[in-house]
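Trainee: Here is the input, now give the coordinates:
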Amino acid sequence: MSQSIELAHRRRSRISTAVGRRGAAALAAVALAAPAAAAELPSGAARVQAEALAGDGAWRLVASLTGEVGPRFAGSAGDAAAILWAEAGLRELGFPVVRREPVRVPRWLRGEATGEIVAPWPQPVKLLALGGSVGTPAEGIEAEVVAVEDLAALEQLDDGAVRGRIVFFHRRMRRAVDGAGYGETVAIRTRGAATAAKKGAVAVVIRSVGTDSNRLPHTGTTRYEEDGPRIPAAALSAPDADLLERQLASGRAVRLRLALGCRHEGEADSANVIGEFPGSAAPEEIVLLVAHRDSWDVGTGAQDNGTGVAVVVEAARLVASASGGAARRTLRVVLTANEEFGLSGARAYAAAYGAQIPAHVLALEADSGGGRVLALRTRFAPADAAATDELLGRLAPLGVSLVEGEATGGADLTPLRPLGVPLADLEQDRSAYFDVHHTDNDTLDKIDPEALRQVTAAFATAAEWAANREARLLPAPVPPAAERP
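Mentor: Numbers count the residues shown, from 1 in each chain. Got it, this is the predicted structure:
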């Protein structure tokens, strides 16, 4: 994961467990009183919520993407198939404007991965190469293991204690309704190999950055320094990380062997796929809905990010339909290339549409799985301070609460945040999301159709509000340089 993605995760304000419980209670109350709540909404919001909560458009889309395309890692055959799927799907759903915009992406191949504890008690282990890792020699690497919890603990060690060894990062990720444990832990994955390599380590293994106890490792990007040494890096499944910890606790020297067949193969062609419903009154003003089209090469990319793709596409369709075929402003859906491995599509979009950036009245990103939307956070101009309450009033029937802090947008919106694009974060329940995130277990059966309807309703409500509001939202304040990615 790129530095900007990591910073985005670390900057996100925390939603407390109490807020999550209030959100869940509110959702239960809505289920009992939906007709009365909907009657108080403006007609556009009432219509998109009713249709989203009763429909299965998003479910059908994610079922199609995961079943007909499957995994779609950047530069792969699945990536190319997903571009064709997106173009055909948007046209079939009635988007008047559909286009692809070429993006170059890195090409990395995973290959085979094997691992085993060699001593003191031999045991095979389940592991996956981290995305972007260099491979091992064909015969693999075998060395003694030195264990540390995190980067800070590694930095405290003398280089001599690390040189020639395999570093094992064993920090556990905390389960949280807002997913905050991810930001607290992910640095061992993104920067562990680069940091250990500078101290002379020969390889790195990490406890998977996830909250499950399945014997399925979680992949994800590791990032090397441009001119620094590069060593192989892999993630252990949680049970195998436990096994390694127990052997280390014996006080005996523990030796690990791993073989990774991953390799880099330059760059490949990919594309952002864009669909639009042009506005009827102010077509030059844009409401942007973004989701990354790519996934990792494990699983079928259902939660990450088939749900996001399905939600933004269906939300735009619902808004256009509720607005008689065209909202006041243009609804633009961008299905980006290669979020997982470097934000290639997001950067390409920001570069291509620089002149149009001031015309973006609101940007929303869906990239948190299919858990219910519990909370709202915004980043609007001071003159639009009242707009947050206005939007919250439309989302309240769905059980959405306001939380402190400013919206940051998701990873694919990080290039737009410094440009002053107004943002709204629709914070979802991610308490179970990191059980399957970046694993073979990220498949369609993990999605709750009822929760997905609520997510679609929330995104459609926010998009309808911004697209049909009489006054456009003004550009948001540009963040200080220290807060920019």
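Trainee: How many residues are close by residue 352?
Mentor: 13 (other Cβ atoms under 10 Å). For every residue, glycine as well, the C-beta is placed using N, CA and C.
Trainee: how much space between it and residue 389?
Mentor: Separation of residue 352 from residue 389 (Cβ to Cβ, to the nearest Å) stands at 34 Å.
Trainee: next one: residue 287
Mentor: For residue 287 relative to residue 389 (Cβ to Cβ), the value is 19 Å.
Trainee: More neighbours: the two, which one.
Mentor: In this view residue 287 and residue 389 are compared by other Cβ under 10 Å, and residue 287 has more residues nearby, 31 against 10.
Trainee: Whichever strand or helix holds the more buried one pairs with which strands, parallel or anti?
Mentor: Using DSSP states H and E, residue 287 maps to strand 282-292. Using DSSP bridges, the strands paired with strand 282-292 are strand 329-336 (parallel), strand 360-365 (parallel).
Trainee: Select, out of those strands, the one closest to residue 144.
Mentor: Closest to residue 144 of these is strand 329-336 (Cβ to Cβ; 42.5 Å).
Trainee: can you give me the offset of that closest one from its chain's centre?
Mentor: With Cα atoms, centre = their mean, to the nearest Å as the basis, strand 329-336 stands 18 Å off its chain's centre.
Trainee: what comes up buried for it?
Mentor: Going by neighbour count (16 or more other Cβ atoms under 10 Å), the buried part of strand 329-336 is 329, 330, 331, 332, 333, 334, 335, 336.
Trainee: Give me the next element, helix or strand, following that strand.
Mentor: Later in the chain than strand 329-336, the nearest helix or strand by DSSP H and E is helix 344-352.
Trainee: Any buried residues in that next one, and which?
Mentor: For helix 344-352, a neighbour-count test (16+ other Cβ under 10 Å) marks 344, 345, 346, 347, 348, 349, 350 as buried.
Trainee: which parts of stretch 192-210 are buried?
Mentor: Buried residues in stretch 192-210 (16+ other Cβ under 10 Å): 192-210.
Trainee: Same question for stretch 262-271.
Mentor: Neighbour counts over stretch 262-271 (16+ other Cβ under 10 Å) mark 262, 268, 270, 271 as buried.
Trainee: re the thing from before, which one among the buried residues of strand 329-336 gets closest to residue 69?
Mentor: So of the buried residues of strand 329-336, ranked by how close each gets to residue 69 (Cβ to Cβ), first place is residue 335, at 12.1 Å.
Trainee: Please look at residue 241 and residue 209 and confirm they touch.
Mentor: No. Contact between residue 241 and residue 209 fails when scored by Cβ atoms under 8 Å: they sit 10.9 Å apart.
Trainee: where does the stretch 301-450 of the chain dip in pLDDT?
Mentor: Across the stretch 301-450 of the chain, nothing is flagged by pLDDT under 70.
Trainee: now the helices: where do they sit in it?
Mentor: 307-322, 344-352, 385-395, 433-436, 449-468 (DSSP state H, counting those that start in this stretch).
Trainee: Burial-wise, tell me which of these comes out on top.
Mentor: helix 307-322 (a mean of 28; mean count of other Cβ atoms under 10 Å).
Trainee: Output it as PDB, restricted to C-alpha atoms.
Mentor: Taking Å, rounded to 0.1, in the frame of the first residue of the first chain, the C-alpha atoms of helix 307-322 are listed here in PDB:
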ATOM      1  CA  THR A 307     -19.500  -4.100  -2.900                       C
ATOM      2  CA  GLY A 308     -18.100  -0.600  -3.500                       C
ATOM      3  CA  VAL A 309     -18.500  -0.900  -7.300                       C
ATOM      4  CA  ALA A 310     -22.000  -2.200  -6.900                       C
ATOM      5  CA  VAL A 311     -23.000   0.500  -4.400                       C
ATOM      6  CA  VAL A 312     -21.800   3.500  -6.400                       C
ATOM      7  CA  VAL A 313     -23.200   2.300  -9.700                       C
ATOM      8  CA  GLU A 314     -26.600   1.400  -8.300                       C
ATOM      9  CA  ALA A 315     -26.700   4.700  -6.200                       C
ATOM     10  CA  ALA A 316     -26.100   6.800  -9.300                       C
ATOM     11  CA  ARG A 317     -28.800   4.800 -11.300                       C
ATOM     12  CA  LEU A 318     -31.300   5.300  -8.500                       C
ATOM     13  CA  VAL A 319     -30.700   9.000  -8.300                       C
ATOM     14  CA  ALA A 320     -31.000   9.500 -12.000                       C
ATOM     15  CA  SER A 321     -34.200   7.400 -12.000                       C
ATOM     16  CA  ALA A 322     -35.700   9.400  -9.100                       C
END
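Trainee: what angle separates that helix from strand 360-365?
Mentor: 140 degrees (axes from the mean of the first three to the mean of the last three Cα atoms, to 10 degrees).
Trainee: In terms of secondary structure, what does helix 307-322 contact?
Mentor: Applying 3 or more Cβ pairs under 8 Å, 6 or more residues apart in numbering; DSSP states H and E, one finds that helix 307-322 makes contact with helix 43-54, helix 57-64, helix 77-92, strand 263-277, strand 282-292, strand 329-336, helix 449-468.
Trainee: got the buried residues for the third one?
Mentor: What that stands for is helix 77-92. Within helix 77-92, the residues that qualify as buried are 78, 79, 80, 82, 83, 85, 86, 87, 89, 90, counting by 16+ other Cβ under 10 Å.
Trainee: This completes my enquiry, with thanks.
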